[in-house]
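Q: Structure here, sequence nowhere to be found:
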């Protein structure tokens, strides 16, 4: 299970270094083979390849009425591999699609990660707090 937030920077080529706390787990779980895809909320999703393959099969089986959503998830999917320094290359098309600049946040979301432009994530989180807790969480407590 991946969790936690990491503030990272993209280099001039669009590469991101996976933090060591996650790099080892990704190396063991999928030998550094990763799939990136776009999420409609404005971030990228990073999946260990075996986890993505399960999702990919489910998405491919969606009915024709969901074709546009298949394009979002499958049409933007990109297989990448960690290099020997633990970096992955985020394609320019994916960076552009979500407005990703140099400063990014990597969020562990259990079975996968979200990669956000740091400024966009801060705006989205501020908006979520301003909107208050959704009704579905009314009985949630720590």
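A: Perfect, thanks for sending it. Because the structure is predicted, anything quoted here is derived from the model rather than measured.
Q: Could you pull up the residues touching residue 91?
A: 14, 36, 78 (C-beta atoms under 8 Å, 6 or more residues apart in numbering). C-beta coordinates here come from the backbone N, C-alpha and C atoms, glycine included.
Q: redo that, cut-off 7 Å
A: residue 78 (C-beta atoms under 7 Å, 6 or more residues apart in numbering).
Q: quick one: it from residue 54, how far?
A: Distance from residue 91 to residue 54, counting by C-beta to C-beta, to the nearest Å: 23 Å.
Q: In the protein, mark out all the helices, start to finish.
A: Taking DSSP state H to define them, one finds helices in the chain at 20-30, 49-60, 67-73, 92-97, 118-131.
Q: Of all these, which one comes closest to residue 103?
A: helix 118-131 (4.0 Å; C-beta to C-beta).
Q: If you rank every helix and strand of the chain by mean pLDDT, what lands last?
A: helix 20-30 (a mean of 91; mean pLDDT, DSSP states H and E).
Q: ok, the spatially most central residue of the chain - contacts?
A: With distances taken as C-alpha atoms, centre = their mean, residue 45 lies nearest the centre of the chain, 2.1 Å away. Listed by C-beta under 7 Å, 6+ apart, the contact partners of residue 45 are 36, 37, 39, 112, 114.
Q: Many thanks, I have nothing further to ask.
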